[in-house]
Each structure stands twice: as structure tokens, then as C-alpha cells.
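[1] take this sequence and fold it.
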Amino acid sequence: MQLFYNAKITDNNKQFNFDKTESRHIVKVLRKKTGDQLFITNGKGKLFTSEVSIASDKKCMVIIISVEDKPKPWDYYLHIAIAPTKNIDRFEWFLEKATEIGIDEITPILCDHSERKIIKMDRLNRIIESAMKQSLKFQLPKLNTLTTFTDFIQQKNNGDSYIAHCEKTDKQLLKSILKPKQNTTLLIGPEGDFSNSEITAAIQKGVIPVSLGDSRLRTETAGLTATQIVSFVNQ
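    Here you go, the predicted structure:
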């Protein structure tokens, strides 16, 4: 199945027009023609089966044949707050792979030791959309805007919250204490790790300090490891 994504399509649509950019891609690049089937999701747990009725590179129109509910294949909610890496390619890699595995929400956070303080939301959202389509998922992870660490820990998150850091303090393995089928929020720091004051502030807010294992991991690897641990515990 080749999956297309458009946030604007709803159950009420009997037909749907793609914009000029997507129409050109469908008709000129993918060579879709009148009568061909297209599978579309709105990223909200819906699969629309459609048939091309007008194959124009300026306006590709489809007729909606059926709409199917596609429940989320995991029964937990995972929110990872993670510092964008200095090399943005590494952060983009995390977004792509975490989407493929299964994640619900991502918040880029600005920390004391952060080396990257600007991100391009449009590009990052496109990477997540592409990963969702490639992995045939029908729920688009929510990508929040860049938030300071201080502001983030002031927010109320449902379920348990954990902070993974490298300091040699009293902490437990995430895989040992993680509860299945729960809302989970996990904080991952920048290349220079969280500062001591950030760790203290998080703990004071009830965030549980954890370790992801014995190895010292890059930021993006830690984020992906945490995503996989949550997935594994819930299997």
C-alpha cells in the first residue's frame, strides 16, 4: 500500500481535491491516472480509499469509495521531550525512527547545555509525515514548538514523568519501573546532558530520575532507546 497524507480530509468528504504541489507529485512523478486507487489518511486514525476521477497536475481529484477506522496499534501514550541536537540531521533521524516505532507527542526542549536554539518546524513536520506514511501508520505524532526546560516542567503531564540523565546519582532503570498501558512522559537532554539544577528542578516537580542502561548514549540514540523500551514493555 502507498499511503498519502492530507490533514484536511474528513468523513464528510465524498470527493477531495489535492493542492497543486501534491497533484503534480501524484500525476507527474507517481504517474497516477484516472481510475487508479489512492489510499489517504488524515493522521487521525482514518483510512480513506479513493479513486482518481481527474488526473491533472494542477488539480488531482479523487472520489471517496470507503472510510475505515484504523485504531492506534499501541495502547499507551508516549510523550518525549528532547533537546534538538547541534547536528539537526541527528534530530531528524530520531523523529523519523520514533514515528516508525510508535510515539504520540514530541516536544523539543531548550536546556542549559543546548547547542541548537532554532528549529524549522515545517521541515520537521514533513519528516514526521513521511515516516508515518512509510511505516503505514494512521496517527500523526504531535510535534510541539520549541519550549524551555523550565516552562516544560511547569506543565502538567498525565501519567508518570521520567528524566533520563547521566549523572551518577540515585536512579533506576527505566525498563524496571515503567508501567505498561500508561501515559508516559520522558525527558532527554542535550549533548552536554541536563545541568544539575535542571535535574534538581525536575525531581522537585515529581519527575522520576532514570537510566536507560550502562552505555553513554547520544541524544538521538537515547530518545530512540527510550521509545523502544516503552514499546517493548507494552508488548
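
[2] could you find the closest non-adjacent residue to the residue nearest in space to the middle of the chain?
    By Cα atoms, centre = their mean, the chain has its centre lying nearest to P141, at 3.9 Å. Distances taken as Cβ to Cβ, 6 or more residues apart in numbering place I103 nearest to P141, at 5.1 Å, with adjacent residues excluded. For every residue, glycine as well, the C-beta is placed using N, CA and C.

[3] phi, psi of the one you found?
    phi -150, psi 150 (degrees, to the nearest 10).

[4] and S130, by the same measure?
    Dihedral angles (degrees, to the nearest 10) for S130: phi -60, psi -40.

[5] for the protein, which segments count as strands?
    Counting by DSSP state E, the chain has strands at residues 3-5, 15-17, 37-41, 46-55, 60-69, 77-82, 105-110, 142-143, 147-148, 160-164, 172-173, 183-188, 208-211.

[6] give me the residues contacting the fifth one.
    Translated: strand 60-69. 11, 13-18, 22-23, 26-27, 32, 37-38, 40, 45-54 (Cβ atoms under 8 Å, 6 or more residues apart in numbering).

[7] pretty sure K28 is touching D57, no?
    Yes. Counting by Cβ atoms under 8 Å, D57 is a contact partner of K28 at 5.1 Å.

[8] contacting residues around the residue nearest to N157 when sequence neighbours are not counted?
    Leaving out its chain neighbours, the residue that sits closest to N157 by Cβ to Cβ, 6+ apart is T185, at 4.2 Å. Counting by Cβ under 8 Å, 6+ apart, T185 touches H79, I80, A81, N157, G159, D160, S161, Y162.

[9] with S231 instead?
    W74, I101, G102.

[10] could you report the pLDDT at the closest residue to V52 other than its chain neighbours?
    Leaving aside its sequence neighbours, V52 sits nearest to D36 (Cβ to Cβ, 6+ apart; 4.8 Å). On pLDDT, D36 comes in at 94.

[11] residues contacting D36?
    E51, V52, A55.

[12] still on that earlier bit, neighbour count: K28 and D57, which is higher?
    Neighbour tally, K28 and D57, criterion other Cβ atoms under 10 Å: the higher count belongs to D57, 14 against 10.

[13] isn't F48 right next to Q37, touching?
    No. Between F48 and Q37 there is no contact under Cβ under 8 Å: 10.7 Å.

[14] looking at those two, which is more packed in?
    F48 (22 against 13).

[15] the helices in this protein, which residues?
    Per DSSP state H, the chain carries helices over the ranges 20-24, 88-101, 121-134, 149-154, 174-177, 196-204, 219-233.

[16] any idea which of the ones you listed gets closest to M1?
    Closest approach to M1 among the helices of the chain is made by helix 121-134 (9.7 Å; Cβ to Cβ).

[17] and this protein, what are its domain boundaries?
    As assigned by automatic domain parsing, the chain contains the domains 3-69, 77-233.

[18] re earlier: give the bridge partners for the residue nearest to N157, please.
    In this entry, T185 is beta-bridged to H79, S161, by DSSP bridges.

[19] do the same with T49
    Going by DSSP bridges, T49 forms beta bridges with F39, S66.

[20] from P108, how far out is it?
    35 Å (Cβ to Cβ, to the nearest Å).
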